[in-house]
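>>> Structure here, sequence nowhere to be found:
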């Protein structure tokens, strides 16, 4: 098996699982209990949070642990709720509809698939290439999409043009999950600072926050919240060889959120429920391992990426620069990538055409569309994401297998014409 | 170590952990991915959901997997959102405040500790002894508390009196987490049916749903959603020797919910985020094990409970009947139970004074208060919850240790007077 879909899921590292195991069995206590063994578990949990936080230049108390990146992204958007008068908005994001005196059928809340029409001045701006967990929640708030350049990087002029005095939250993933494009967050933060200074001069007190989903990035980029200039940052254990079902939201001191779930008051009241201790212990170990091998891994993946790019034939490289070293998006124009995925699978090579959750719904990639690819280019695009299950030998094997399959597909397609 | 706090947390059963392990490492694929190994993982996940569902007489498609009971309880309450006009309510539960034309300060949303004053006619009724994860969310919707009898069982007359034409949701835990009291859900369901028939006659179309948090019950009671007559049922892996961070909400066909988090559209759009595959596999294995040993365990705990009740001295039994066999709540009036917890801990015996999350905040038990105990009785009450880490020998040891400590405490207290 050659697995080239590490952006969709990573196996739990053996050292991560080993770190987790005692917390399933011996150290299983409820961290809220009063006796010493439980207090030890609570302390270990806090230490693990501190480890995760330190990796991004933050403190344990800045993190809210969640069940993953999706929940963290949704939680980040509750920053839009607290500054308004209570009752003037909805946690289900229908505020813009109400504002404009429209009322939507209740089914639109349940399906969440039908965006409410964005008002001209939106409180939320999000990059058009964001993952569904940002897009859908942004749409609930009537968010407006910021364009990307053909490189997949944010169009900073479009961003500048779209920020109004109403804008409260800008959400841009640090690394795009389909292209691996690394967004210039520090430049976005600079624009935000300028806007804030201008607002201050004019006595406008509306907040302006920067949120970033860094799910794909924690593994290969040295992240520092101050340097990036983010107010809210989403982290994900499952993409960095940690367990599924664990994530975190970094929340800077000035930001006020509303809990999505209330109850026992864990995570400073922002996320109730008994702490997932083994999950957080595993997350912390995964973060440690990622940090130890940050530079080594980047070099390794860059080398492997070059082996693929040098060896593969008849492709157009989609993600040319400013992308994570383990992302390769290649287009074989005129060939059906869905078929390639299937044929590669028969040879034991697992790749993707885009985000797993989008792929399962048979939806055409909104990311590839946003960077200006034609329908036929999108239909012919493969995403290969390298990772720890791979080896250099595998790269050469992949080159041979893909070249062979693409060549025979080309012949087949020509014969059909 | 003798651990008598199984209602707060249970260790993961070795067989459960064994079932989970392959899904951390080899079978780590994203269930939404297109290739066969991922589809196999997706199928295993569905099979695990079916196992959990079958244990309560339901189907896999009736379950929404969550990060635990707290999230499931919060999700259940979104059943109050969809029947209203969109925009006429808030996911943060401020609907009653808006209805009455009041506006609350935004901080009340964040802290969630300050209930909005309940309107006379409430859409939500909940048992006064509910866990915080039900109480807090019910308070967000201006819920009204139903009284309990001194036995800890629901006061059905109080329930009858409080149901109005506005009532849409009634939430009563199957087993109370402090007393182990088993509530007569079928009788509550019968009352609800009568109300529904009456409403139908009068042409009133308001929904009336029964939600129950069965977190503590799945282990020792044979649960069937049809027999219980519930529309929504909360389940929890962490209380039945499964992993922390996994729960489920059973949702009957007629009930419409709103997602708390949106994104990739997993769990039929009701709970987005990559599936916690190992967690759900472990949950299913824990459910299987619980079901295999249901009767045996009840008998075992009943026997152990009797050993304690026969051997202990100078106590008043608080939870006399209609309670789970592994719950023993005893009051040593005039003695400080917090001190007992501490002294018992020194002997390696771990017990609780109440719910762990309440204990950590130093809050007096609202449950013991609701059943009519005096402040001094509440202060002298211990909760012992038996479980799989215990043995019959340990019961005799516990009797000796508690009797010894209580006796010396009595002497100490008398000397102080």
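Cool, got the structure. Note that the structure is a prediction, hence the values are computed from the model and not measured. Numbers count the residues shown, from 1 in each chain, chains lettered A, B, ... in the order given.
>>> so where's chain A uncertain?
A:82-120, A:354-362 (pLDDT under 70).
>>> Show me what the lengthiest helix in chain A packs onto, helices and strands only.
Secondary structure of chain A per DSSP state H: the longest helix is helix A:392-416. If you count contacts as 3 or more Cβ pairs under 8 Å, 6 or more residues apart in numbering or on different chains; DSSP states H and E, helix A:392-416 packs onto strand A:2-3, helix A:294-311, helix A:337-346, strand A:349-350. Just so you know, the C-beta spots here come from the backbone N, C-alpha and C atoms, and that holds for glycine as well.
>>> Quick check: residue A:74 vs residue A:208, distance?
Distance check for residue A:74 against residue A:208: by Cβ to Cβ, to the nearest Å, it reads 20 Å.
>>> Neighbour count for these two, which is higher?
residue A:74 (27 against 19; other Cβ atoms under 10 Å in any protein chain shown).
>>> Which secondary structure state does the nearest residue to the more buried one once chain neighbours are set aside sit in?
Nearest non-adjacent residue to residue A:74, counting by Cβ to Cβ, 6 or more residues apart in numbering or on different chains: residue B:261, 4.2 Å away. Secondary structure, DSSP: H, G, I helix; E, B strand; the rest coil: residue B:261 is coil.
>>> got the contact list for residue B:261?
By Cβ atoms under 8 Å, 6 or more residues apart in numbering or on different chains, residue B:261 lies in contact with A:70-71, A:74, A:133, A:137, A:260, B:271-273.
>>> List phi and psi for it.
Backbone torsions of residue B:261, given as degrees, to the nearest 10, read phi -130, psi 140.
>>> List of residues touching the longest helix of chain A?
Here helix A:392-416 makes contact (Cβ under 8 Å, 6+ apart) with A:2, A:4, A:303-304, A:307-308, A:311-315, A:332, A:334-336, A:339-340, A:343-344, A:347, A:349, A:384.
>>> Look at residue A:66 and say how many residues are nearby.
Residues lying near residue A:66 (other Cβ under 10 Å) number 30.
>>> hang on, the earlier thing: just the helices and strands packed on helix A:392-416: most buried one?
Highest mean neighbour count of these: strand A:349-350, a mean of 23 (counted as mean count of other Cβ atoms under 10 Å in any protein chain shown).
>>> Could you spell out the sheet neighbours of that strand, each with its direction?
If you go by DSSP bridges, strand A:349-350 pairs up with strand A:2-3 (parallel).
>>> gap between the nearest residue to residue A:180 once chain neighbours are set aside and chain B?
Of all residues not flanking residue A:180 in the chain, residue A:327 sits nearest, at 2.6 Å (Cβ to Cβ, 6+ apart). Per Cβ to the nearest Cβ, to the nearest Å, residue A:327 is found 16 Å from chain B.
>>> Report how many residues lie close to residue A:327.
Neighbours around residue A:327, by other Cβ under 10 Å: 26.
>>> so who does it touch?
Residues near residue A:327 by Cβ under 8 Å, 6+ apart: A:7, A:179-180, A:319, A:383-385.
>>> Stretch A:14-31: how far from the chain's middle?
Counting by Cα atoms, centre = their mean, to the nearest Å, stretch A:14-31 is centred 27 Å from the centre of its parent chain.
>>> in it, what's buried?
Buried residues in stretch A:14-31, defined by neighbour count with 16 or more other Cβ atoms under 10 Å in any protein chain shown: A:16-17, A:19-21, A:23-24, A:27-31.
>>> okay but residue A:125 is in contact with residue A:168, surely?
No. Taking contacts as Cβ atoms under 8 Å, residue A:125 lies outside contact range of residue A:168: 9.3 Å.
>>> Who has more neighbours out of these two?
residue A:125 (22 against 18).
>>> Which secondary structure state does the more buried one sit in?
Classification of residue A:125 by three-state DSSP places it in strand.
>>> do residue A:234 as well
At residue A:234 the chain is in strand, as set by three-state DSSP.
>>> tell me the contacts of residue A:172?
A:126-127, A:130, A:146, A:154, A:183, A:185, A:188, A:210-212.
>>> quick one: which of the residues you listed sit in strands?
A:126-127, A:146, A:210-212 (DSSP state E).
>>> Show me which of these is closest to chain B.
Chain B has its nearest neighbour among the ones in strands among the contacts of residue A:172 in residue A:126, at 13.0 Å by Cβ to the nearest Cβ.
>>> doesn't residue A:135 make contact with that closest one?
Yes. Counting by Cβ under 8 Å, residue A:126 does reach residue A:135; the two are 6.7 Å apart.
>>> what sits in contact with each of the two?
Contacts common to residue A:126 and residue A:135, judged by Cβ under 8 Å, 6+ apart, are residue A:143.
>>> Tell me which of these two has more neighbours.
Remark: of residue A:126 and residue A:135, residue A:126 carries more neighbours, 25 against 22, as counted by other Cβ under 10 Å.
>>> For the more buried one, list the residues it contacts.
Shown in contact with residue A:126 (Cβ under 8 Å, 6+ apart): A:134-135, A:138, A:143-146, A:170-172.
>>> just checking, which of these belong to helices?
A:134-135, A:138.
>>> quick one: is stretch A:371-383 near chain B?
No. Judged by Cβ under 8 Å from any Cβ of the partner chain, stretch A:371-383 stays clear of chain B, getting no closer than 11.2 Å.
>>> Now tell me what touches that stretch from outside.
Here stretch A:371-383 makes contact (Cβ under 8 Å, 6+ apart) with A:5, A:7, A:129, A:148-152, A:178-179, A:316, A:318, A:327-338, A:340-341, A:351-354, A:364-365, A:368-369.
>>> again, only this time at 6 Å
Here stretch A:371-383 makes contact (Cβ atoms under 6 Å, 6 or more residues apart in numbering or on different chains) with A:148, A:150, A:152, A:329-333, A:335, A:337, A:351-352, A:364-365, A:368.
>>> State the pair within those that is farthest apart.
Farthest pair in the contacts of stretch A:371-383 (Cβ to Cβ) is A:148 and A:335. Separation: 24.9 Å.
>>> what sits against residue A:200?
Residue A:200 neighbours (Cβ under 6 Å, 6+ apart): none.
>>> and it, how far is that from chain B?
In terms of Cβ to the nearest Cβ, residue A:200 sits 22 Å off from chain B.
>>> how about the helix or strand harbouring that residue: buried residues?
Using DSSP states H and E, the element containing residue A:200 is helix A:185-201. In terms of neighbour count (16+ other Cβ under 10 Å), helix A:185-201 has its buried residues at A:185, A:188-189, A:191-192, A:195, A:199.
>>> got it, and stretch A:399-416?
Residues A:399, A:401-402, A:405-406, A:409 are the ones in stretch A:399-416 that count as buried (16+ other Cβ under 10 Å).
>>> do stretch A:250-268 as well
Under the neighbour-count criterion of 16+ other Cβ under 10 Å, stretch A:250-268 has A:250-252, A:255-267 buried.
>>> just to revisit the earlier point, which two from the contacts of residue A:126 end up farthest apart in space?
Across those, no pair lies farther apart than A:135 and A:170, at 13.9 Å, counting by Cβ to Cβ.
>>> one step back: tell me how far the helix holding residue A:200 lies from the chain's centre.
Offset of helix A:185-201 from its chain centre (Cα atoms, centre = their mean): 24 Å.
>>> Likewise for stretch A:265-275?
Using Cα atoms, centre = their mean, the offset of stretch A:265-275 from its chain centre is 23 Å.
>>> Just confirm yes or no for that stretch near chain B.
Yes. On the criterion Cβ under 6 Å from any Cβ of the partner chain, stretch A:265-275 is in touch with chain B at A:272-274.
>>> what's in contact with that stretch?
Contacts for stretch A:265-275 (Cβ under 6 Å, 6+ apart): A:30-31, A:45, A:64-65, A:257, A:259, A:261-264, B:68, B:70, B:238, B:244.
>>> Looking at those residues, which is nearest residue B:60?
Nearest to residue B:60 among those is residue B:68, at 19.1 Å by Cβ to Cβ.
>>> Quick check: the closest one vs residue A:12, distance?
Remark: distance between residue B:68 and residue A:12 (Cβ to Cβ) = 20 Å.
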